[in-house]
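1. build me a model:
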Amino acid sequence: MVDDFRSRESVRRKALWTLSHLVPGEPQAAAILNVLDDIGDQERVDLNQSQPHLDIDAVRKAVLIERHSSGINIVDEASIPQPWRERFLQASIGSTRLIDGPYAHDWEKFLTQWQSEMLHLDAHMSASRAHKP
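-> Numbers count the residues shown, from 1 in each chain. Okay, here's the model as predicted:
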């Protein structure tokens with residue numbers, strides 16, 4: 001299941017990054033929206049079989065932030081439930097972190113960015129529905 005999360009979230013991340021450069025309603029968005037729909041369908045099947053769905057607020061509350069001996073707040077990575085952990089890891093590829101865990105400010109930045117991406121995705125989905133006969 002971990003490899004499924006990893007590959008799915010890698011594809012989702014690339015699709016969201018590509019979509020971020022498009023204005024809602026642009027024809028090029030249609031193929032990307034189809035990919036994201038398929039990922040959403042796969043995720044709903046997986047989550048129904050394995051664990052409850054947690055919205056962003058529940059995830060934010062569930063994740064443990066710890067003060068590291070360096071004086072920096074870090075995230076207890078093990079406390080991030082899937083698929084959120086893999087989403088964060090995929091969005092954080094190339095980011096610096098401590099060996100004991102990612103920086104808490106990167107986690108918060110990810111959550112804020114995720115909300116923005118979902119609003120942008122919703123705008124694309126609305127525009128797509130408005131253009132369908």
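2. wait, a strand at I93?
-> No. Counting by DSSP: H, G, I helix; E, B strand; the rest coil, I93 is not found in a strand; it is coil.
3. may I see the buried residues of the one helix or strand in the chain whose mean pLDDT sits lowest?
-> In the chain, no helix or strand scores lower on mean pLDDT, DSSP states H and E than helix 29-50, which sits at a mean of 83. Judged by neighbour count using 16 or more other CB atoms under 10 Å, the buried positions of helix 29-50 are 29, 32-33, 35-36, 39, 43, 46. Just so you know, the C-beta spots here come from the backbone N, C-alpha and C atoms, and that holds for glycine as well.
4. N73: which of the residues you listed is nearest?
-> E43 (29.2 Å; CB to CB).
5. just checking, that closest one touches Q82?
-> No. E43 sits out of contact with Q82 when judged by CB atoms under 8 Å, with a separation of 10.2 Å.
6. picking that back up, dump the buried residues of helix 29-50 to a markdown table, plus distance to A130.
-> Formatted as a markdown table, those follow (distance: CB to CB, whole Å):
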| residue | distance to A130 |
| --- | --- |
| A29 | 12 |
| I32 | 17 |
| L33 | 13 |
| V35 | 20 |
| L36 | 17 |
| I39 | 22 |
| E43 | 25 |
| D46 | 30 |
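7. many thanks, we can stop here.
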